[in-house]
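J.: Structural data only, the sequence is not supplied:
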Ligand code: SF4
């Protein structure tokens, strides 16, 4: 999948819900990162975050509520299926 960051969120990191969290929660060495994923689910820039992870082929961490180590394909499918504009 070729993804492109949406023009409507050029500075998406500024609105990231995880800015107030503990970064380690999004980069777990073990566990399911459920707390981080729950925050992602309400993040206003979730889609831009997921596109960023795919564009840069990031291989570690939780992005857009998906742990890309294990959930890359579901993230790509979510983006391709017209995920919410956020
Ligand atoms: S969706 Fe992305 S930007 Fe938003 S809280 Fe989750 S990791 Fe952070």
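T.: Perfect, thanks for sending it. This one's a predicted model, so the numbers in the text were calculated from it and none came from an experiment.
J.: Tell me the residues of this structure that contact the ligand?
T.: Taking C-beta under 6 Å from any ligand atom as the contact definition, the chain meets the ligand at 16-18, 26, 39-40, 43, 45-46, 49, 62-64. Placement of C-beta: from N, CA and C, glycine included.
J.: make it 5 Å
T.: 16, 17, 18, 40, 43, 46, 49, 64 (C-beta under 5 Å from any ligand atom).
J.: List the residues that contact the fifth one.
T.: What that stands for is residue 43. Listed by C-beta atoms under 8 Å, 6 or more residues apart in numbering, the contact set of residue 43 reads 16, 17, 18, 49, 64, 65, 86.
J.: Give me the phi and psi for the fifth one.
T.: The reference is to residue 64. Backbone geometry at residue 64, expressed as degrees, to the nearest 10, gives phi 60, psi 30.
J.: picking up where we left off before, looking at the contacts of residue 43, which is nearest residue 80?
T.: Closest approach between the contacts of residue 43 and residue 80, by C-beta to C-beta: residue 64, at 12.8 Å.
J.: So residue 81 versus the ligand, what's the distance?
T.: From residue 81 across to the ligand, the span is 17 Å (C-beta to the nearest ligand atom, to the nearest Å).
J.: so what pLDDT did that residue get?
T.: Residue 81 is assigned 90 on the pLDDT scale.
J.: Same question for residue 30.
T.: Among the per-residue scores, residue 30 holds a pLDDT of 86.
J.: helix, strand or coil for it?
T.: Here residue 30 is coil, with the state taken from DSSP: H, G, I helix; E, B strand; the rest coil.
J.: What's the local residue count around it?
T.: A total of 5 residues lie near residue 30 under the criterion other C-beta atoms under 10 Å.
J.: Please tell me how far it sits from residue 61.
T.: Relative to residue 61, residue 30 is positioned 13 Å away (C-beta to C-beta, to the nearest Å).
J.: a markdown table for the contacts of residue 43, including neighbour count and distance to residue 10?
T.: A markdown table is the format used below for the contacts of residue 43 (neighbours: other C-beta atoms under 10 Å; distance: C-beta to C-beta, whole Å):
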| residue | neighbour count | distance to residue 10 |
| --- | --- | --- |
| 16 | 18 | 13 |
| 17 | 18 | 18 |
| 18 | 18 | 18 |
| 49 | 27 | 13 |
| 64 | 25 | 17 |
| 65 | 22 | 22 |
| 86 | 19 | 15 |
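J.: No further questions, thank you.
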